[in-house]
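got a predicted structure here, sequence first:
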Amino acid sequence: MLTLVRKRSEKSGLPPGSVIHVGEKKVEKTGFTLIRYDAEKFSMEKIDSLEECLRLKGSEGVTWINVDGLHETDVIEKLGERFGIHLLIVEDILNTQQRSKADIFDDYIYVAIKMHSSVAETMEISVEQLSLVLGADFVLTFQEQPGDIFDALRKRIEGGKGKVRRMGADYLAYCLIDAVVDNYFKILESVGEEIEDIEEELLENPSPETVQHIHIIKREMILLRKSVWPLRDLIGLLNREETDLIKEGTEIYLRDVYDHTVQVIDTVETYRDMIAGMLDIYLSSVSYRMNEIMKVLTIFAAIFIPLTFIVGLYGMNFDPDSGPFNMPELRWRYGYPAVLAFMALIVVGMGFYFKRKKWF
Amino acid sequence: MLTLVRKRSEKSGLPPGSVIHVGEKKVEKTGFTLIRYDAEKFSMEKIDSLEECLRLKGSEGVTWINVDGLHETDVIEKLGERFGIHLLIVEDILNTQQRSKADIFDDYIYVAIKMHSSVAETMEISVEQLSLVLGADFVLTFQEQPGDIFDALRKRIEGGKGKVRRMGADYLAYCLIDAVVDNYFKILESVGEEIEDIEEELLENPSPETVQHIHIIKREMILLRKSVWPLRDLIGLLNREETDLIKEGTEIYLRDVYDHTVQVIDTVETYRDMIAGMLDIYLSSVSYRMNEIMKVLTIFAAIFIPLTFIVGLYGMNFDPDSGPFNMPELRWRYGYPAVLAFMALIVVGMGFYFKRKKWF
Amino acid sequence: MLTLVRKRSEKSGLPPGSVIHVGEKKVEKTGFTLIRYDAEKFSMEKIDSLEECLRLKGSEGVTWINVDGLHETDVIEKLGERFGIHLLIVEDILNTQQRSKADIFDDYIYVAIKMHSSVAETMEISVEQLSLVLGADFVLTFQEQPGDIFDALRKRIEGGKGKVRRMGADYLAYCLIDAVVDNYFKILESVGEEIEDIEEELLENPSPETVQHIHIIKREMILLRKSVWPLRDLIGLLNREETDLIKEGTEIYLRDVYDHTVQVIDTVETYRDMIAGMLDIYLSSVSYRMNEIMKVLTIFAAIFIPLTFIVGLYGMNFDPDSGPFNMPELRWRYGYPAVLAFMALIVVGMGFYFKRKKWF
Amino acid sequence: MLTLVRKRSEKSGLPPGSVIHVGEKKVEKTGFTLIRYDAEKFSMEKIDSLEECLRLKGSEGVTWINVDGLHETDVIEKLGERFGIHLLIVEDILNTQQRSKADIFDDYIYVAIKMHSSVAETMEISVEQLSLVLGADFVLTFQEQPGDIFDALRKRIEGGKGKVRRMGADYLAYCLIDAVVDNYFKILESVGEEIEDIEEELLENPSPETVQHIHIIKREMILLRKSVWPLRDLIGLLNREETDLIKEGTEIYLRDVYDHTVQVIDTVETYRDMIAGMLDIYLSSVSYRMNEIMKVLTIFAAIFIPLTFIVGLYGMNFDPDSGPFNMPELRWRYGYPAVLAFMALIVVGMGFYFKRKKWF
Amino acid sequence: MLTLVRKRSEKSGLPPGSVIHVGEKKVEKTGFTLIRYDAEKFSMEKIDSLEECLRLKGSEGVTWINVDGLHETDVIEKLGERFGIHLLIVEDILNTQQRSKADIFDDYIYVAIKMHSSVAETMEISVEQLSLVLGADFVLTFQEQPGDIFDALRKRIEGGKGKVRRMGADYLAYCLIDAVVDNYFKILESVGEEIEDIEEELLENPSPETVQHIHIIKREMILLRKSVWPLRDLIGLLNREETDLIKEGTEIYLRDVYDHTVQVIDTVETYRDMIAGMLDIYLSSVSYRMNEIMKVLTIFAAIFIPLTFIVGLYGMNFDPDSGPFNMPELRWRYGYPAVLAFMALIVVGMGFYFKRKKWF
């Protein structure tokens, strides 16, 4: 869970630019998916070796190479070399513990984004890093493991729906970022449902599990926040910065995804506010219940303790024969009924007292 | 309640500019209201079909078309096409989960605003999105359902009161925004009353319902805040931005509504501060009550437990005949009165002890 | 108390610039006080009708017209017309629920300020709005009710003390604002005394009343804050803005009152910090007391419950004649003293146990 | 303690520039200390009358006049007149309730700083105002009472150590400010020791006194903060502002003292964070103790209450002769041992139960 | 622990530029390590005397002199003199209580950084100051004690791995700063593990030790934060400032270490958020447990107290012979079984009552 900085230390002491994979090894073998398209043509191949992949790469249209698995560092390094990517950037691609950021160079743009996986089913929080390199006519994406959120996009490209086939590599990059941001909405939706569930729990049957629940949601919000704020800055930078790699027609779409990011941040902050209030409600309800429990105890104690004293009193063994003052009541004709009546009086009196105190 | 991002996910994977309705379907049929006026003339018609509506639209004076219901996407799309609205904006109109914002184009301005409905009666929080398109001589408004807060404005136009008939479409747009902001004041007023009610409850009879009450108000404040802050930015933008669509005479009114928005924000923040304090008061009052309950219990226990011990003592069955030390008290002439007196002493002593401790 | 937005809603739906009084009606009849002075002359008249007032207004020196009572809207409107004040500003004057602000026009400046009345005696929080219009040679002030904080200023003008008689209308306006800010210091002083009182209460005898007390002070701070922050902006604006209405010699005084406002804000924030801590202390003291109460209860229970068990044990009616093991103790020669000794041992043991636990 | 705004109100209603002492009268008689020096010469005299002081003031080297006591307003006013200080500044010197600030004029600079006295011994918080006027060749300092933190500086000047004798009046002013800031470090040191003490208390024996302790430290931090933040701004202003009064060689020293002020602020904020956490620890430890107390009570009650019931059961006086089912146990041969065994069983059972619940 | 400002006060009253060691004396003797290298050559010597060290210093390649121990102030002063370092900077080197900062001069740059030592094993927090002086062809580092985090770097230089041997002194300085920042990651990693441990503790067995644990982590975060924020500013300054001492090729590396610092800050803030939530969870779990304990007590009390009353009732010694109403039950044939049955009924009834209240 707390893999925020885990494994990062392995790099301590190494020279900068050391090509080392920082993060968990999540797949056995690095896999490549090569997609090439222009307005007319489309091809998609799953390839195992880098050489094959580079051989197949054409020189026309847009090329999108997706890499799954980052632990085979030499393969990534070779790929970087082939596309003229600076060694420091290759290092960044391999370090999955990074902050979301964009580095703009003359002939390519490097973007690192955090992808969160939905928490709805498993309550497990998993964060994966997506590295994206945008060149003039290619996009490289690097993921830690296969299985992603870009299937719909791939189908859209294949089917030629929307503008993607008519636009360049920058539009493809936008579509990828947009898919990640859209995925945040999905997560927020399931978080919203969780919050509703917790609210119901709080009303009906608050328990330590509810607190655990709140705690997990809270943490997810903390992590989301950590991912989304730099994302906004990153997209803002891509919008502002003057670069030939992003064409004018794509800018309006970047503004749109920027707006979406702001909305994600807004919702995250709103959820944080809501969650903050829920723990207070839990605590106040626990306090209130305690009061109720104590009232029950106190009512029982206050009614029966005096009665028990009285019956104890007449259980004493003072010898009535020893003197006229030694418990003569015991021999009165109506002694027993009188005591019972007296005790009934006490009960009624206590009842009134607690009634007036509004204890029940 | 938590429809902040609900349904948004249906759009995941679709190409940008996909004309899809995001939100609840709140009406059966899309309805149109066409209002045309200039300084002399005024007409208002409720129309069911878009074609009819577009046919009736004149070329003189100001035209205001209000659309109720957003689920018939093709109708909205056609309307957008007819007035030259960009597809991305049509998408925004249909997506009711948006953040309040203004997009300024050369020949029209798009404004999205959140309208909150009053919470006073039902305690239900409902947020509706109002989309507004301001052109040179027309205003289009899009609402999720019929029944709105513009009746007074319509009557004002019809009656020719105020400046609205003499001014252009930009003034009409201002009036619409002003009506939304005025409605916020109405909501804040009822919230203010709620807060007073809660304060009374807190003083007289704090209960978990009070906490629920506080919680609901708190959430309403969170949502209001989320709606109002971007609204301020939006109106600020309209003020600053240079556009021919907003005439000079209208600017002073926009500044006025900007001031009102700031006042709404101010009040929301003040209420938030007040509400934050109320939960503390609830908790401290629950704690104090607990102390009171415990005092009652402890006083009862501390007084009667020793007494019960004493009467139990003389209820023991040691045989006085077996030895001179076996409970000779039982046969003393004044044994019983002596014990009663001793117990009375204990009660008085305890009374003094707790008095000094200021327990009652 | 919560009249922050009260009555505001009456205006909903009215055209902008509608001259309507928003607020409580606090006086029966609108009254005027006309003061005219220059370095040599001074006159002050209390007048009932506006016409009389306008007739008397001379053309030389500085004219200060103070208006008490805002519900006779036509009178205020006429006055506004006479001095060339824009209808929107007249609307602002009548709306007493406004935020403090300054509007600078070519030939007059409009300033709205909140005046708080001291809370010391009645614990009642009352906020009044002062509207001030500064022209080239006149100052108009509008208050909700007679009786104000400007008596000292009037006497100063009459007596010719200070520079006020030698300076123009802008200096008079400064003096009025300064009087309002000085009044804030007075309120803060009494709040400071309240805080000291509460601190003593907290140390000696914390009770729910203390919490109420804290709550009231807290709310007063919230309201003060709401009034003072815009006041600072307002005075800052008057300082910065270039206008002929404020002469160079007056600017240094405006800077001085600006410094005072900053000091008021500083003190308000410091008080808020202090108050925030006090509730924590209350809660911790309530918790501690609870511990003390529970200790008393537990010590009593832990000592007497075992004893009561023992005496109960020897109160059992097992028949010693039925067998040699049936409570032979009851017939031992030293049975009773032995039991007494054993119980004394238990008491001593418990005493040591709780001593070691530092319970007393 | 809460003299933040005390006595300020006496000035209400007075014209601006009124020379009135705001603050406590702390000395009987105003005293003057005249120090004159240049690279070669040094003289220091304690003088009682202003005239004497002004007569002795030479025209060469640097003159430093220190004034102790501010209640003789006419003396201060005369001094101000003599050195050409504006009446508003004289007013500021006399008003000891001011915010730290610097006013830069053409021929002198006015600086007001708060000096805190160490809290270590008396736990009393005392804040004094130091006013400093820097001219071309003189420095005037005004304090509320004799006895200050500048003794070391005076000795340094007298002994000719450091650069102070070779530098001008601006360097002297720097040294004075530096001494005040150095004094803050001293206070922070003692606060740091206090915090350590409290931490130990919290671990070993938290009591309401600990909370009081925390509260006092917290308040001291609030006041320190209130003093130090404006001090930073003030020194920053002296650094930035272009004035001939501060020579180029002194600027590097001002930057140094600026760095120190930032460090003071840093430490104050760090302490605030630490203190905030300590109250939480107190509360959690009180809660935990409460749990422990309740466990003891519950264990006693749960074990002995059933036992007491059982012995009570066999203390009932049902007549075994009246029927075969009326407590035949009382006459069983092993009735008593059996009951004892049964009760032992209950104790063991309870023991296991609470053991499993980890209550002891 | 709280050595934030400790010992600082010794300097009070001394003239600025006084060469005094502020901090703990951590070593006996100042030691020097002289490293000289260029692309071809490398030498490293440990030297005891400064003279020897300065004699050996060559004039070619890069010279790195590391100094361990700061209490021999004259040695440090001489070294400063030899390299032309300003006396104020020497003072800064010796004052180990400083804020991280960078001072840029024409011919050297002074950098002060805080190094935290890992908390994993000892839970002890120790902060050491590293001073670094970067000249055209030399780097001086000053540490409080031997044993540092630069061993890996030294080996890298010796082995000629990476670019360090080919680059200048500025790159060496970068490598040193990078090593410090890398060390922060290491600390954050162990903090992350601590947080996970605490979370488990919280779930399984929350105790006051857990709170202590949280408190220590919290404090470490406060201190880290205090160290890292200025570090970011410092590196940002080195990036922005135009100086010949930092060559163009090194700038990209400085940007990289800047990014890392931002990431450290991000993680520290995230951890702070997480820790803040953990105390709430502890408190809510303690509250919940209290409820559970009280329930056990109340159930026991509520069931057995009435029973004990009943058995006490029939333990009364009223004489059945004295009247027909004096406890005739005692002589009923089924009196005893009837009472037993009645008590069983009460137990079952209570059971149902508490079941319905969901108490178990």
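Structure's in. What do you need? Just so it is clear, the structure is predicted and the values come from calculations on it, not from any experiment.

CA only for contacts and neighbour counts going forward, please
Will do.

buried stuff in the helix or strand of chain A with the lowest mean pLDDT?
One helix or strand of chain A scores below all others by mean pLDDT, DSSP states H and E: helix A:50-56, with a mean of 77. Going by neighbour count (16 or more other Cα atoms under 10 Å in any protein chain shown), the buried part of helix A:50-56 is A:50, A:53.

so which elements touch it?
Applying 3 or more Cα pairs under 8 Å, 6 or more residues apart in numbering or on different chains; DSSP states H and E, we find helix A:50-56 packed against strand A:31-37.

pull the residues that contact the following helix or strand past the strand it packs on.
Along the chain past strand A:31-37, the next helix or strand (assigned with DSSP states H and E) turns out to be strand A:42-47. Residues outside strand A:42-47 that contact it (Cα atoms under 8 Å, 6 or more residues apart in numbering or on different chains): A:31, A:32, A:33, A:34, A:35, A:36, A:37, A:53, A:157, A:158.

who does the first one bridge with?
Taking DSSP bridges, one finds residue A:68 as the beta-bridge partners of residue A:31.

OK, contacts around it?
Contacts of residue A:31 by Cα under 8 Å, 6+ apart are A:46, A:47, A:48, A:49, A:67, A:68, A:69.

got those as CSV, with neighbour count and pLDDT columns?
Formatted as CSV, the contacts of residue A:31 follow (neighbours: other Cα atoms under 10 Å in any protein chain shown; pLDDT from 0 to 100):
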residue, neighbour count, pLDDT
A:46, 13, 87
A:47, 16, 84
A:48, 14, 81
A:49, 13, 80
A:67, 24, 90
A:68, 22, 88
A:69, 23, 85
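
anything in the lengthiest helix in chain A sitting right up against chain D?
Looking across chain A with DSSP state H, the single longest helix is helix A:248-313. No - Helix A:248-313 stays clear of chain D (Cα under 8 Å from any Cα of the partner chain), getting no nearer than 9.6 Å.

stretch A:159-172: end-to-end distance?
Distance between the boundary residues of stretch A:159-172 (Cα to Cα, to the nearest Å) amounts to 15 Å.

give the buried residues for it.
Under 16+ other Cα under 10 Å, the buried positions of stretch A:159-172 are A:160, A:163, A:164, A:165, A:167, A:168, A:169, A:170, A:171, A:172.

so which of the residues you listed reach chain B?
residue A:163.

skipping adjacent residues, who's closest to residue A:360 in space?
Distances taken as Cα to Cα, 6 or more residues apart in numbering or on different chains place residue A:354 nearest to residue A:360, at 7.1 Å, with adjacent residues excluded.

now that neighbour: which helix or strand?
Short version, using DSSP H and E: residue A:354 is in helix A:335-356.

what packs against that helix?
Applying 3+ Cα pairs under 8 Å, 6+ apart, one finds that helix A:335-356 contacts helix A:248-313.

the helix it packs on close to chain B?
Yes - with Cα under 8 Å from any Cα as the criterion, chain B is reached by helix A:248-313 at A:253, A:263, A:266-267, A:270, A:273-274, A:277, A:280-281, A:284-285, A:287-288, A:290-291, A:294-295, A:298, A:301-302, A:305-306, A:308-309, A:312-313.

rewinding a little: return the member of the contacts of strand A:42-47 nearest to residue B:183.
residue A:157 (46.2 Å; Cα to Cα).

alpha carbons only: can I get stretch A:344-360 in CSV?
Provided in CSV are the C-alpha atoms of stretch A:344-360 (Å, rounded to 0.1, in the frame of the first residue of the first chain):
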residue,chain,number,x,y,z
ALA,A,344,-42.8,0.6,45.5
LEU,A,345,-42.9,4.2,46.5
ILE,A,346,-39.1,4.5,46.0
VAL,A,347,-39.4,3.0,42.5
VAL,A,348,-42.2,5.4,41.6
GLY,A,349,-40.2,8.3,43.0
MET,A,350,-37.1,7.4,41.1
GLY,A,351,-39.2,7.0,38.0
PHE,A,352,-40.5,10.5,38.3
TYR,A,353,-37.0,11.8,39.0
PHE,A,354,-35.5,10.3,35.9
LYS,A,355,-38.6,11.2,33.9
ARG,A,356,-38.1,14.8,34.8
LYS,A,357,-34.4,14.6,33.9
LYS,A,358,-35.6,13.3,30.5
TRP,A,359,-33.6,10.2,30.8
PHE,A,360,-36.2,8.1,29.2
